[in-house]
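Novice: fold the following, please.
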Amino acid sequence: MWQRVSKHSGHHRRFHLGIVLAIVAPTGPLARAVAADAKALTLYVAADGRDTWSGKTARPAADGSDGPLASLAGARDRIRAIRKEAGDLKQPVTVSIGGGTYRLSEPFVLTPDDSGTAEFPVTYAAQPGETPVISGGRAVGGFKPVEVDGRRLWAADVPDVRDGKWYFSQLFVNGRRCPRSRLPKDGFYNFAELPDLKPDAPWNVGQKRAKFAPGHIRAWSNLGDVEVVVPHFWVDSRLPIASVDEAAQLVTFTRTSIFRMTEEFSMRPARYWIENVFEALDTPGQWYLNRQTGILYYVPLPGETPDTIECVAPRLTQVVHLKGDAPAGRPVRHVNLVGLTFSHTQWALPADSAGAAQAAWNVPGAILLEGAESCRIERCTVRQAGTYAIELAGPCRDNHIIGNVLTDLGAGGVKLGHGTASTTVADNVIADGGHIFHAAVGVWIGNSGRNTVAHNDIHHLYYTGVSVGWSWGYGPSNATHNIVEYNHIHDIGRGLLSDMGGIYTLGVSPGTQLRHNRIHDIESSGYGGWGIYLDEGSTTILVENNIVFRTKTGGFHQHYGKDNTIRNNIFAFARDGQIQRTREEQHAQFTFERNIVYWKEGPLLHGNWKGDTYKFDYNVYFNAADRPVDFAGASLEQWQKRGMDVHSRIADPLFADPDRGDFTLKPGSPARDLGFEPIDLSTAGPRKPLPK
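Specialist: Modelled structure (predicted):
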């Protein structure tokens, strides 16, 4: 099941074969349980171990008679044998893993029979100072210089690709994600027209053909492996080419686009780019895989040589699977992953699909917890994955995802799926995601309740930072009592997609609170780059003590919903407008009170402000560009006659240095007179050291 690799290059550290100094002790209640029992069992895993050995020693014996185990699977099986002999676990067990890269041929699976208990947990942990990498990929080597049409490339033979046993769309060289060839080199093309689209067609009707500008698409070799990528609304389509008519400038795809290929709700043709064109392979660091011949081509970076690079391509969708038995009511319990690195996963769209749905919610996780309870993933790293990093699928509850680094991801960070509950996602860095599935989210909470998402640093994603809820309108929802607090969410959207938020909500959500979050730099392509976005049916949500600034479309937006409270927040420096409402409804929609709104561009209120099913009061408004302030076209006096902002003021709130993101109130701020309480976000983002 395992292939042991002893060679590292690039940013990977070289490991020391079989040298194990000590175990990594877990934190919190687990640490106290281990410390209280002097008979705790440690099994060792090392790159030069053997699964026929006992695993009781860190080093091989001089005579080769015993030593560490070779794999996590070997350690799991040894624990099973110990459990069978003793009748059950009688002590905590720690599997202490040495440095190196362990390449999996299949996912590492733990079942209910591999569970620990609250008193005697089972922990798989890295050794101090070591970085064991659990990889779902395979090394690719044997590169030789070749010249093709005047281009100097490297080429390697991959027989399993030629034989139809393997195909991959990601490549990592010396720990660096390498892009496939791309056209145009920078920016986008635009389709010239959409031949089958009638002006009165529904906006979500997909396309299978498109017309392109002269020369943008050609009848290249291996057209079936060329993908046209169309970012659109809040998703993107990946469209393999079926045929190209260069004379008619018409391209036909093998799949239908997720949405009609227009920008926003207009008929303007969509942007797109093209990936995996062999004839365009000429940029150092790029690559191309020929499915028919099994030849992998790579354009080396300056200084690279075939014998000094580590080239890895992914094979597995999952590297770890905690697989409970839901029908039998037997979860996996009290299993912990500590300090490990997981890399190199791949996931391809089904043959009949051109893209993942909203939030890329159907893209799996490299680590999958399915029917798990009271398990921990702590201080681990997931990187260079083609999927989400971590997925919890129902029924899961009372699990902890603490202090991890989830980065360089094909999709997003953490998925809390339907039927899960009471998960803590805290003190993680979730960054640099959406490389393949651009609509993925930093933390996605589906139809799941009583979760806490706290003290995370979530940034550089193409869609939303945290998404909560999965019910459109006012139907039943289990996404209740979710807490999103003290997160630093920034650099979201990056100008690629639309209709997003730093925090995004859906559905009836009693008990849900969005509080003490620092949210900034939300940049959409067209409409919908909001800081906090209460979308369809968002109901009974408290939005309190957040600081939101530098957003494209607004600091706060409610599409439609009921009985929400937006209180004691700072919304600053949005461009298209500051506060937005969309749908008029005949029930109480939200209360907006004791907030500060500070801006230089755009109107204060934009969207639909008909009716009076919302309430504004005790707010401070200030246009720092010294422009007049109006309220959806009305003066403050006219607005107050509608019963709005009766006690509010237009005045400088006296921020310390708002242009540099310091919204501390100076003495004498008029906001204090209206009951505004200072917001302290000094602890937003990951805490160090981690709380016990």
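Novice: pretty sure Asp432 contacts Thr407?
Specialist: Yes: assessed by C-beta atoms under 8 Å, Asp432 is found in contact with Thr407 at 4.9 Å. (C-beta placed from N, C-alpha, C; glycine too.)
Novice: and those two? Which one has more around it.
Specialist: Neighbours were counted for Asp432 and for Thr407 using other C-beta atoms under 10 Å; Thr407 has more, 19 against 16.
Novice: neighbouring strands - and their directions - for the strand or helix carrying that one?
Specialist: Applying DSSP states H and E as the criterion places Thr407 in strand 405-409. In the sheet containing strand 405-409, its partner strands are strand 381-385 (parallel), strand 429-431 (parallel), by DSSP bridges.
Novice: among the ones you listed, which is the most enclosed?
Specialist: Among the strands paired with strand 405-409, ranked by average contacts under mean count of other C-beta atoms under 10 Å, first place goes to strand 381-385 (a mean of 26).
Novice: name the helices or strands packed onto the helix or strand following that one?
Specialist: As assigned by DSSP H and E, the chain's next helix or strand after strand 381-385 is strand 388-393. For strand 388-393, the elements it packs on are strand 365-370, strand 405-409, strand 414-416, judged by 3 or more C-beta pairs under 8 Å, 6 or more residues apart in numbering; DSSP states H and E.
Novice: where do the strands sit along the stretch 51-200 of the chain?
Specialist: Along the stretch 51-200 of the chain, the segments classed as strands by DSSP state E, counting those that start in this stretch run 93-97, 100-104, 108-110, 122-126, 132-135, 137-139, 144-148, 151-157, 171-173, 176-178, 182-183, 189-190.
Novice: what's the average pLDDT for the fifth one?
Specialist: To tie it back to what came earlier, the one meant is strand 132-135. Averaged across strand 132-135, the pLDDT comes to 98.
Novice: starting at the chain centroid, how far to it?
Specialist: The chain centre lies 20 Å from the centre of strand 132-135; the measure is C-alpha atoms, centre = their mean, to the nearest Å.
Novice: give me the contact list for it.
Specialist: 12, 15, 45, 72, 97-104, 108, 126, 312, 319-320, 340-344 (C-beta atoms under 8 Å, 6 or more residues apart in numbering).
Novice: just the strands in the stretch 251-400 of the chain please.
Specialist: 271-275, 287-290, 295-298, 311-314, 320-323, 332-333, 335-338, 341-345, 365-370, 372-373, 376-378, 381-385, 388-393, 400-402.
Novice: cool, the stretch 551-692 of the chain as well?
Specialist: Using DSSP E, counting those that start in this stretch, strands in the stretch 551-692 of the chain cover 554-558, 561-562, 564-567, 570-572, 579-581, 590-593, 596-599, 605-607, 614-617, 620-623, 649-650, 655-657, 662-665.
Novice: just the ones you listed: most buried one?
Specialist: Looking across these with neighbours counted as mean count of other C-beta under 10 Å, the highest average goes to strand 554-558: a mean of 28.
Novice: that one pairs with which strands, parallel or anti?
Specialist: strand 529-534 (parallel), strand 579-581 (parallel).
Novice: any chance of those in a markdown table, plus distance to Gly285 and mean pLDDT?
Specialist: Output for the strands paired with strand 554-558, formatted as a markdown table (distance: least, C-beta to C-beta, whole Å; pLDDT from 0 to 100):
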| stretch | distance to Gly285 | mean pLDDT |
| --- | --- | --- |
| strand 529-534 | 30 | 98 |
| strand 579-581 | 41 | 98 |
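Novice: redo those as JSON lines? Include distance to His520.
Specialist: Below are the strands paired with strand 554-558 laid out as JSON lines (distance: least, C-beta to C-beta, whole Å):
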{"stretch": "strand 529-534", "distance to His520": "8"}
{"stretch": "strand 579-581", "distance to His520": "17"}
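Novice: bridge partners for Val122, pull those for me.
Specialist: Val93, Val335.
Novice: ok, it - contacts?
Specialist: By C-beta under 8 Å, 6+ apart, the neighbours of Val122 are Ile79, Leu89, Pro92, Val93, Val95, Asp114, Ser115, Gly116, His334, Val335, Asn336.
Novice: what about this structure, any weak spots by pLDDT?
Specialist: Along the chain, segments meeting pLDDT under 70 span 1-38, 193-204, 261-269.
Novice: which segments of it make up each domain?
Specialist: 2-136, 138-181+281-313, 189-279 (automatic domain parsing).
Novice: mind giving me the packing neighbours of the lengthiest strand in the chain?
Specialist: When the chain is scanned for its longest strand (criterion: DSSP state E), the result is strand 235-245. Judged by 3+ C-beta pairs under 8 Å, 6+ apart, strand 235-245 is in contact with strand 227-232, strand 250-253.
Novice: mind giving me the packing neighbours of the host helix or strand of Trp444?
Specialist: Counting by DSSP H and E, the element that carries Trp444 is strand 443-445. Counting contacts by 3+ C-beta pairs under 8 Å, 6+ apart, strand 443-445 is packed against strand 414-416, strand 466-468.
Novice: related to what we said a few turns ago, closest one to Met644 among the strands of the stretch 251-400 of the chain?
Specialist: strand 271-275 (39.9 Å; C-beta to C-beta).
Novice: right, I'll leave it there.
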